[in-house]
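Asks: have a look; sequence and predicted model below, questions after that.
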Amino acid sequence: MPNFVPNGYCIYCPNPSDSDEHVIPYGLNGNYVLKSASCSECRDITSKFELALLRGSLAQLRVGHQFPTRRPQERPKSFPLLVTKAGHESKVDASPDAHPLVLSLPLFPKPKLLFGDASDPQLRPTRVVAFNLNSIDAVVSAHNADTVAIVQKLQYVELARLLAKAAYGFLVGELGRDRVRGSYLLPIIFGDMSSAGLYIGSCDKMAIADEDDPALSYQSWRLPPNLGGGEIAVVIMRLLPHMKENPAYIVLCDLHEKHSDTA
Ligand SMILES: [Zn+2]
């Protein structure tokens, strides 16, 4: 991150900073860290939606892939599973090796500011992709069941806030805080979802990851004249770069024009 220089202030608000900022959470193997870049108030806000995801729809993935945790004693020892035997359904607590360990992620339309109907700024998931980390056949036979099913919440608001936060922090790290404007993404990070569909979306295709592909990359674009002609960054993000096939997301962030020394 050559262009990020800690200056004692939070990257999200005017408060003094008091802690390092993990751009992608530690609990998802995130190792892109901005030194002394966030304040305790902002950390309370961002850690709330991060923890909701890490303990919610991403929990089974984290256990299955043994991602790091700061609280190993709180790591779940079992997950609920709906088991049907001879037409009768019951709920059991299944150990991680006898559970499908499903990762489900929402997909969205592409960011509507550039690619869709910008008069409809809401973010709505269009479908869900799900992966079983354990073989379903093995889980079914471990429970001597006819079928098994799981119940999982689709935490797409929390995911969108995490994507906004990661894209914003990444750009501050790559471009320096003076270049990143944040009027698109800061409201989303702080929970205002009213325009999130303009700036956040999925790529058309699943990313087929190469080991050398970065989890985060960006290109600088210029908006068309009817949208003001300003400079923005288009961030492509794969939250789980170690998984060969998983959705890639697109996040747009507005930028300040490059400072020019000529008068
Ligand atoms: Zn702050």
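Replies: Alright, I've got the coordinates.

Asks: all strands for this structure, in order.
Replies: When assigned using DSSP state E, the strands of the chain occupy the ranges 19-22, 33-38, 79-85, 88-94, 102-107, 127-132, 147-149, 200-208, 216-222, 231-237, 245-254.

Asks: quick one: closest of those to residue 12.
Replies: Go through the strands of the chain one by one with CB to CB and the one that ends up closest to residue 12 is strand 33-38, at 6.4 Å. All C-beta spots, glycine's among them, are computed from the backbone N, C-alpha and C.

Asks: quick check: which helices or strands does the closest one pack against?
Replies: For strand 33-38, the packing partners by 3 or more CB pairs under 8 Å, 6 or more residues apart in numbering; DSSP states H and E come out as strand 19-22, helix 156-175.

Asks: okay, the ones you listed, which one's buried deepest?
Replies: Mean neighbour count (mean count of other CB atoms under 10 Å) peaks for helix 156-175 among the helices and strands packed on strand 33-38, with a mean of 24.

Asks: that one vs the ion: in contact?
Replies: No. If you take CB under 5 Å from the ion as the test, helix 156-175 misses the ion, and the best it gets is 11.9 Å.

Asks: distance between that helix and the chain's centre?
Replies: Distance, stretch centre to chain centre, for helix 156-175: 7 Å (CA atoms, centre = their mean, to the nearest Å).

Asks: around the ion, pick out the residues from this protein.
Replies: Taking CB under 5 Å from the ion as the measure of proximity, the chain contacts the ion at 10, 12-13, 15, 39, 42.

Asks: dig out what residue 21 forms beta bridges with.
Replies: Going by DSSP bridges, residue 21 is paired in beta bridges with residue 34.

Asks: thinking again about what came up before, mind putting the strands of the chain into a markdown table with distance to residue 193 and mean pLDDT?
Replies: As requested, these are exported to a markdown table (distance: least, CB to CB, whole Å; pLDDT from 0 to 100):
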| stretch | distance to residue 193 | mean pLDDT |
| --- | --- | --- |
| strand 19-22 | 22 | 93 |
| strand 33-38 | 21 | 94 |
| strand 79-85 | 28 | 94 |
| strand 88-94 | 32 | 95 |
| strand 102-107 | 13 | 89 |
| strand 127-132 | 18 | 84 |
| strand 147-149 | 30 | 93 |
| strand 200-208 | 9 | 76 |
| strand 216-222 | 22 | 93 |
| strand 231-237 | 18 | 95 |
| strand 245-254 | 14 | 90 |
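
Asks: which residues does residue 136 contact?
Replies: With contacts defined as CB atoms under 8 Å, 6 or more residues apart in numbering, residue 136 is in contact with 100, 148.

Asks: confidence score at it?
Replies: Here, the pLDDT recorded for residue 136 equals 92.

Asks: from here on, call the first residue 31.
Replies: Sure, I'll start numbering at 31, so the last one becomes residue 166.

Asks: low-scoring stretches of the stretch 81-230 of the chain, by residue?
Replies: Applying pLDDT under 70 to the stretch 81-230 of the chain flags no residue at all.

Asks: follow-up on the earlier one: kindly indicate the member of the residues of the chain next to the ion with the most neighbours.
Replies: Counting by other CB atoms under 10 Å, residue 42 has the largest number of neighbours within the residues of the chain next to the ion, with 25 neighbours.

Asks: who are the contact partners of the closest residue to that residue other than its chain neighbours?
Replies: Nearest residue to residue 42 in three dimensions, chain neighbours excluded: residue 72, at 4.3 Å (CB to CB, 6 or more residues apart in numbering). If you count contacts by CB under 8 Å, 6+ apart, residue 72 has them with 40, 42-43, 45.

Asks: that concludes my questions; thank you for your assistance.
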